[in-house]
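Asks: make a model of this:
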Amino acid sequence: MNPIPQLRLETPRLILRPTAAGDFEPWAACMADEEASRFIGGPQPRAQAWRGFATMVGAWVLQGFAMFSVIEKSSGRWIGRLGPWMPEGWPGTEVGWSLVRDAWGKGYATEGATAAIDWAFEELGWSEVIHTIQPANHPSQAVARRLGSRLRGPGRLPEPMHELPMEIWGQSREEWLARRRGAVA
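Replies: Numbers count the residues shown, from 1 in each chain. Alright, predicted model coming up:
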């Protein structure tokens, strides 16, 4: 039996789990929202959103990891995706995030990304984590800073996103663990 569908991470306010078929409707709505999709490729018609959704499911099967679906505990609704991401040609081992607009400003991205980074270092054995962030995406830069990541410099994504201006933020496993130990002490 495939253990991936049983994977579940919990934070005080969120459930992180692999993408499920029932997540497509809110996924498609998020990808159709001009503001919510602005820094992840822009608005997409439903058929294109389906292909992106299927890519996420496929990454879980092929790689054993992908971004988690984010479920808000208080409502039980899908509010976005976040977590480990490393498709072919990617500039590194990323933990990224994208949430529906009404979930912004509540600390969910930081809360969920913290759990996802812990999982990536513990379960996937990653030695570093990056975040690919467009220079104009100031809210995601703030999340990266709260996570302890630093701007490493300009970067480049693979085609067809290779012309987008991109910055690489990140930190090593050792930096993350030292920071986490300091937060617990």
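
Asks: from E88, how far off is L62?
Replies: 10 Å (C-beta to C-beta, to the nearest Å). C-beta coordinates here come from the backbone N, C-alpha and C atoms, glycine included.

Asks: so these two - more neighbours on which side?
Replies: Neighbours were counted for L62 and for E88 using other C-beta atoms under 10 Å; L62 has more, 10 against 5.

Asks: what ranges do the strands span in this protein?
Replies: Along the chain, the stretches classed as strands by DSSP state E are 9-10, 14-17, 68-72, 78-85, 94-99, 128-133, 150-155, 166-172.

Asks: just send those strands back as TSV, with distance to I117 and mean pLDDT too.
Replies: Output for those, formatted as TSV (distance: least, C-beta to C-beta, whole Å; pLDDT from 0 to 100):
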stretch	distance to I117	mean pLDDT
strand 9-10	11	97
strand 14-17	11	98
strand 68-72	12	98
strand 78-85	9	97
strand 94-99	5	97
strand 128-133	5	98
strand 150-155	14	96
strand 166-172	9	97
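
Asks: for these, which one sits closest to A116?
Replies: Across the strands of the chain, A116 has its closest neighbour in strand 78-85 (4.0 Å, C-beta to C-beta).

Asks: could the strands of the chain be laid out in a markdown table, adding distance to R181 and mean neighbour count?
Replies: Below are the strands of the chain laid out as a markdown table (distance: least, C-beta to C-beta, whole Å; neighbours: other C-beta atoms under 10 Å):
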| stretch | distance to R181 | mean neighbour count |
| --- | --- | --- |
| strand 9-10 | 20 | 14 |
| strand 14-17 | 23 | 20 |
| strand 68-72 | 24 | 24 |
| strand 78-85 | 22 | 24 |
| strand 94-99 | 19 | 22 |
| strand 128-133 | 17 | 23 |
| strand 150-155 | 18 | 13 |
| strand 166-172 | 14 | 19 |
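
Asks: what's the closest of the ones you listed to E35?
Replies: Closest of those to E35 is strand 94-99, at 11.4 Å (criterion: C-beta to C-beta).
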